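A.B. asks: what's the 3D shape of this:
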Amino acid sequence: MIRTALVVAMFAFGATALVAQSDPIAARKALMKANGDQSKVATDMLEAKRPFNLDEAKKVLATFAEAGDKAPALFPDNTKSGGDTAALPAIWENKADFTAKLAKLSSDSKAAIGATKDLDSFKVQITEVRKNCGGCHQTYRKKTS
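C.D. replies: Numbers count the residues shown, from 1 in each chain. The predicted structure follows:
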């Protein structure tokens, strides 16, 4: 079972790397869509719209960690303009801060995986992890209506 998951992850990572090289805007949009999808899973568990599942909760956090790890490479200088993107120029003007925020998302998410044992601990952890999302989106993402 673990071997199968590792093989699938390796293929997915390889495909992501290929897409990231050829179209980093599409790759980062897919990465953020995955975050959004997993955030919905978290919200549904927190609001008792779906039963709490420890494995699913940890998958939510792992998805956020993956985004923090992969996203910095998906904002090369040649994607400052063009394409359908909500990325603001502030990303490239403050690249060190942007990258630091993503690193914090990753490290907080990884720590949250280990600290999540049940619904109560998940509530605490996901609340803290999501603060990273808002902190980055407020500064580096165009507001949508």
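A.B. asks: alpha carbons only for contacts and neighbour counts from here, please
C.D. replies: Noted.
A.B. asks: which is the next helix or strand following the helix or strand harbouring Ala62?
C.D. replies: Assigned by DSSP states H and E, Ala62 belongs to helix 54-70. Later in the chain than helix 54-70, the nearest helix or strand by DSSP H and E is helix 90-93.
A.B. asks: With only the CA atoms kept, save that next one in CSV.
C.D. replies: Provided in CSV are the C-alpha atoms of helix 90-93 (Å, rounded to 0.1, in the frame of the first residue of the first chain):
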residue,chain,number,x,y,z
ALA,A,90,4.5,42.6,-5.1
ILE,A,91,5.5,39.0,-5.3
TRP,A,92,8.6,39.9,-7.4
GLU,A,93,9.2,43.1,-5.6
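A.B. asks: residues in contact with the helix holding Ala62?
C.D. replies: Contact partners of helix 54-70, identified using Cα atoms under 8 Å, 6 or more residues apart in numbering, comprise 31-32, 34-35, 38-39, 41-42, 102-110, 112-113, 116-119, 122, 126.
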